[in-house]
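Student: quick one, structure for this:
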Amino acid sequence: MSANSEPAADGNGWLTPLLMTLAVQSAASFLIRLPPVVAPILFLDRGLDSTAIGYLSGIGMVGSMAFLLMGAPLMARVGSVRTLQLGLAGGAIGVALIAVPSPALLVAGVFLMGLGYGPSVPASSDILRRAAPQDRQALLFSIKQSGVPIGGMLGGALLPPLIGLGGLAACLVASGIVALAVAACIEPVRKRIEPGEAGGAPLTLRSFISADNLTVPIRVLMSTGGLVWLSLSGLTLAVSQGVWLAFLVTILVERLGMSLVAAGTLFAIMQAAGIVGRIALGWVSDRIGSASVTLKATTALSALCTLILALIGPETSWALLVALSVVAGATVTGWNGVQVAEVARLSPPGLVREASAGATLLLFSGYVVGPAIFALFVASSGSYTGPLYAVAALTAASILLPGGTRPRERITPPGSDNSPAPPER
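Tutor: Reported below is the predicted structural model:
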């Protein structure tokens, strides 16, 4: 079977791929959430302003986008599972660079962590699209995507205490070990999930930076109208999600005067609620048979949560903050699984990886632009309130975008197993 073929599995053949992709997603998310969780201590140690976390989060997403643009030849050559392992190893190297007290290496490390996170959606989508039964696609994709809040929850719950016990160095070492351990543990199941050789074209610098390769994700995205609108909706939702994930701990510490441990606890609560929320939204989407309706309802609640975040202050009760964290976890961070499953469903035949890369590229651009512009507005206005109002309005506006339609045409990426043979010369 080609590594990028259509779904064919039935029975319980989906369980091992699901558990494997869930473990990888959790570990990759644990790494990518490290900078915002430890930002107050990390930036104090490096002499940086706290609002710089918006720029640093954006740099991580730029790394992920670089993979989404250029990573197709690697996935075609080594297969989706091996690509996920390489991503985790790259993320661990990024953590090692962050440990060195140098602003340049901090930027390089975060970029490399983002680059390693890049395969988590397209490679995992390829694996699950082939393994998941049609009537459980949204649910299983949502369970896999629950690895994002699982990683964030573990980051919020474990990293601040680790800093307290062993300092920043102990926190970084533990994070790198997590990534490498997961990469090693999935090796025994790799050939069971991808029994055949990937067999893509040999990897060269030209294969990564050629115009054909760089434009494939966008061309596949544009080939299906529904994918374009779905991806634009994901872009606006990602702006809100990116701001919450990058700034929640900092807002709670600076605006409400909380300790890092208390703010990290609320961050962990939000991530835990996101686990339940993603799975529940996937189940609802499969149950009602409409990802579009599920996403629009979730979007409305996400906008409301951001509006409430703009209004809280030092007098806000702990119970209300916990409730807000729970609802935001289920909505602001809960829509991704349904969106990723719908992207896979609408993808042209045989191009799940490429379509997922294109859609995720737009989504990640929201993670880059959102926190960066938010940081600029906060710095210029001296307040979080106005920028949060703007994010809430943008989130609500995405409700107006239309739903998806079925794919219209097939595009074959260069250098893949599915490429047509070149003409005889």
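
Student: hmm, who's touching stretch 261-277?
Tutor: Residues from elsewhere that reach stretch 261-277 (C-beta atoms under 8 Å, 6 or more residues apart in numbering): 37, 146, 148-157, 159-161, 164, 244, 248-249, 252-253, 258, 321-322, 325-334. In short, each C-beta sits where N, CA and C put it, glycine included.

Student: now residue 75. Nearest residue, chain neighbours left out?
Tutor: residue 83 (4.9 Å; C-beta to C-beta, 6 or more residues apart in numbering).

Student: and the helix or strand encompassing that neighbour, which residues are buried?
Tutor: Element membership of residue 83, judged by DSSP states H and E, is helix 80-98. Using 16 or more other C-beta atoms under 10 Å as the test for burial, helix 80-98 gives 80-95, 97-98.

Student: list the ones among the contacts of stretch 261-277 that fall in helices.
Tutor: Counted as lying in helices by DSSP state H, out of those, are 37, 148-157, 159-161, 164, 244, 248-249, 252-253, 321-322, 325-331.

Student: got the contact list for the residue nearest to residue 75?
Tutor: Neighbours of residue 83 in contact, by C-beta under 8 Å, 6+ apart: 71, 74-75, 119, 123.

Student: same thing but 6 Å
Tutor: Residue 83 sits next to 74-75, 119, 123 when contact means C-beta atoms under 6 Å, 6 or more residues apart in numbering.

Student: which of these fall within helices?
Tutor: Counting by DSSP H, those contribute 74-75, 123 to helices.

Student: among those residues, who's most crowded?
Tutor: The residue in the ones in helices among the contacts of residue 83 with the most neighbours, by other C-beta atoms under 10 Å, is residue 123 (30 neighbours).

Student: for it, give me the pLDDT.
Tutor: pLDDT, residue 123: 86.

Student: pretty sure it contacts residue 81?
Tutor: No. Counting by C-beta atoms under 6 Å, residue 123 does not reach residue 81; the two are 7.5 Å apart.

Student: worst-scoring helix or strand of this protein, pLDDT-wise?
Tutor: Across the helices and strands of the chain, mean confidence by mean pLDDT, DSSP states H and E is lowest for helix 205-209: a mean of 68.

Student: picking that back up, and the helix holding residue 83, how far out from the chain middle?
Tutor: Remark: helix 80-98 is offset 15 Å from the chain centroid, using C-alpha atoms, centre = their mean, to the nearest Å.

Student: quick revisit: ok, so of the contacts of residue 83, who is nearest residue 175?
Tutor: Taking C-beta to C-beta as the measure, residue 175 lies nearest residue 119 of the contacts of residue 83, at 18.3 Å.

Student: do I have it right that that closest one meets residue 87?
Tutor: Yes. Residue 119 lies in contact with residue 87 (C-beta under 6 Å); the separation is 4.3 Å.

Student: next, the buried residues of the helix or strand encompassing residue 17.
Tutor: Under the criterion of DSSP H and E, residue 17 resides in helix 15-32. Going by neighbour count (16+ other C-beta under 10 Å), the buried part of helix 15-32 is 17-18, 20-32.

Student: do the same with stretch 256-275
Tutor: 256, 258, 260, 262-275.

Student: tell me which of these fall in helices.
Tutor: Residues from the buried residues of stretch 256-275 lying in helices, with DSSP H as the criterion: 256, 260, 262-275.

Student: could you pick out the one among these with the lowest pLDDT?
Tutor: pLDDT is lowest at residue 271 among these; the value there is 79.

Student: where does this structure have low pLDDT?
Tutor: Applying pLDDT under 70 to the chain picks out residues 1-12, 50-51, 54, 195-207, 211-213, 224-225, 402-425.

Student: ok, residue 214 - contacts?
Tutor: residue 69 are the contacts of residue 214 under C-beta under 6 Å, 6+ apart.

Student: how much space between the residue lying closest to residue 96 once chain neighbours are set aside and residue 183?
Tutor: Sequence neighbours aside, residue 176 is the residue nearest to residue 96 in space, at 6.1 Å (criterion: C-beta to C-beta, 6+ apart). Remark: distance between residue 176 and residue 183 (C-beta to C-beta, to the nearest Å) = 11 Å.
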